[in-house]
Each structure stands twice: as C-alpha cells, then as structure tokens.
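Student: have a look; sequence and predicted model below, questions after that.
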Amino acid sequence: MRVYYNHTDAGGVVYHSCYLTFCEQARSEVFFKNNIFFNKDEGYVVKELKAKYLKPAKLGDILTIKSKLLEIKNASLKLHQEIFKDNEKIFEMDVVLVYTKNGKITKIPKEHKKVIDEFR
C-alpha cells in the first residue's frame, strides 16, 4: 500500500487513524480476493483493539500489512496485524472482530472460516 496525500497531515506524516484503515483494508482484501463481498446487513465489526505506534509513515512510503490469526471462536476472531516500511515494523495491533448479520452478533459462516484460515 502506498501512502497518499489524503493519509497525511500538513507535515506529510500519516494520521494515526489511517493505520487502522490500512489494516482494515488488508483484512477486507483477503475476503474480496475470495469472492466474498459484504452487504449493508452483514460484516465484521471491531469489538476491541490495542494499537502500538512505533515509527511514523510519510507521504509516498510503500507499506506492507501482515495479518495473523491468534484465535477464532463461533462469532469472533482475534488478529495480530503489523505494518512494515522497508522491512521495519512501524505499527502493530491486536484486534477482536465480531461477525454481525442484521445488526446482531451471529456465528461466522463456514465459507468465511475457510478464508480466515489464510490468516494462520
């Protein structure tokens, strides 16, 4: 992922919230490449996260996002995600996601569990 102007402040440093967006986009991309697209009535919602900002990213940087599955339950999963710049870790977080359908937490579909296995 490349850092664009809209990701940065006036000094060209990435806004703190953009790191969360980058990680969310990386998670979503795994589903999209497996032809799973979400509608307005379903999806994964962040229940909890813990983030650590190690070094800043700047305008024009190329970032790599890595995701690893830590735990999966009936309706939730926990991932560890890291962002790297030039093979150096600059951000990491643990995030708990719950699957919702029609506004209610529900079991993760079987076809999703196959995709989630890619995070192992």
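Tutor: Received the coordinates, thanks. Residues are numbered from 1 along each chain as shown.
Student: same for the longest strand along the chain, what does it pack against?
Tutor: Ranked by number of residues, the top strand in the chain under DSSP state E is strand 88-101. The contact analysis (3 or more C-beta pairs under 8 Å, 6 or more residues apart in numbering; DSSP states H and E) places strand 88-101 against helix 16-33, strand 42-53, strand 76-85. Every C-beta, even on glycine, is put in place using the N, C-alpha and C of the backbone.
Student: with respect to residue 111, which of those lies nearest?
Tutor: helix 16-33 (10.0 Å; C-beta to C-beta).
Student: now that closest one and strand 42-53, what's the angle there?
Tutor: 140 degrees (axes from the mean of the first three to the mean of the last three C-alpha atoms, to 10 degrees).
Student: off-centre distance for helix 16-33?
Tutor: 4 Å (C-alpha atoms, centre = their mean, to the nearest Å).
Student: now swap in stretch 25-43 and tell me
Tutor: 11 Å.
Student: then stretch 99-110?
Tutor: So, by C-alpha atoms, centre = their mean, the centroid of stretch 99-110 is 18 Å from its chain's centroid.
Student: ok, now which ones touch the closest residue to residue 83 other than its chain neighbours?
Tutor: Among residues not flanking residue 83 along the chain, residue 91 sits closest, at 4.1 Å (C-beta to C-beta, 6 or more residues apart in numbering). Residues near residue 91 by C-beta atoms under 8 Å, 6 or more residues apart in numbering: 19, 51, 52, 53, 54, 57, 82, 83.
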